[in-house]
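no letters, just coordinates:
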């Protein structure tokens, strides 16, 4: 597994897991998730981060890492982050939304990880919201499973962004009747009763991440 800067490990891996242990396998699985997953101590030290989390942290839109410590990129985000970690120390869960100046927002569930041992150290698990309803790799898997054409996959991807058939037609610069024809084919191939059911099915697909560039955090 790739190491983060300053010795912080990616995913669920750690030195004690061993290169062939269950922890190493779990780290590999975590890296395939479309959701960012991050674990810190109550002092905000980053202990583990999967690929999606590392990618987001490296962009420094609302969160970043400096000297192995997690921080909010604005005073408001820093305060919300610290309040969530404080609640973890009290054994409480919370949900926070951090917002950048350009309007980007990241919602995270922050959960206490309490080991079985009474004297164990409590850690905070941050589970990031997914970047979009339908990741490209998830949609590709779905399309291949049902034999969708490239055009049908494209139309479905736009529908999953919340656009109606007329709006999709405008985006793709084709007649509405053409889009409706693609929708009928999509519903037939996937045995869906309509666009709503089809989009809902895609929305709950297993959260497989696209390949992300491995970023080094400082």
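Nice, I can see it. Since the structure is predicted, the reported quantities are computational estimates derived from the model, not experimental observations. Residues are numbered from 1 along each chain as shown.

helices along this protein, start to end?
For the chain, applying DSSP state H gives helices covering 22-30, 51-59, 75-89, 136-145, 150-159, 165-172, 176-190, 195-203.

go through these and pick out the most buried.
Burial among the helices of the chain, expressed as mean neighbours by mean count of other CB atoms under 10 Å, is greatest for helix 51-59, which shows a mean of 22. Just so you know, the C-beta spots here come from the backbone N, C-alpha and C atoms, and that holds for glycine as well.

quick one: average confidence on it?
The predicted model assigns helix 51-59 a mean pLDDT of 91.

which helices and strands does it pack with?
Counting contacts by 3 or more CB pairs under 8 Å, 6 or more residues apart in numbering; DSSP states H and E, helix 51-59 is packed against strand 37-41, strand 63-66, strand 123-128.

so which of the ones you listed gets nearest residue 184?
Ranking these by proximity to residue 184 (CB to CB) places strand 123-128 first, at 36.4 Å.

next one: the closest one to chain centre, how far?
Remark: strand 123-128 is offset 12 Å from the chain centroid, using CA atoms, centre = their mean, to the nearest Å.

next, the angle from that strand to helix 51-59.
In this structure, strand 123-128 runs at an angle of 90 degrees to helix 51-59, with axes from the mean of the first three to the mean of the last three CA atoms, to 10 degrees as the basis.

so which elements touch strand 123-128?
In this structure, strand 123-128 makes packing contacts with strand 37-41, helix 51-59, helix 75-89, strand 105-113, judged by 3+ CB pairs under 8 Å, 6+ apart.

parallel or antiparallel, list what pairs with that strand.
Taking DSSP bridges as the criterion, strand 123-128 sits next to strand 37-41 (antiparallel), strand 105-113 (antiparallel) in its sheet.

would JSON lines of the helices and strands packed on helix 51-59 with mean pLDDT and mean neighbour count be doable?
Output for the helices and strands packed on helix 51-59, formatted as JSON lines (pLDDT from 0 to 100; neighbours: other CB atoms under 10 Å):
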{"stretch": "strand 37-41", "mean pLDDT": "94", "mean neighbour count": "21"}
{"stretch": "strand 63-66", "mean pLDDT": "95", "mean neighbour count": "20"}
{"stretch": "strand 123-128", "mean pLDDT": "95", "mean neighbour count": "20"}
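
thanks a lot, see you next time.
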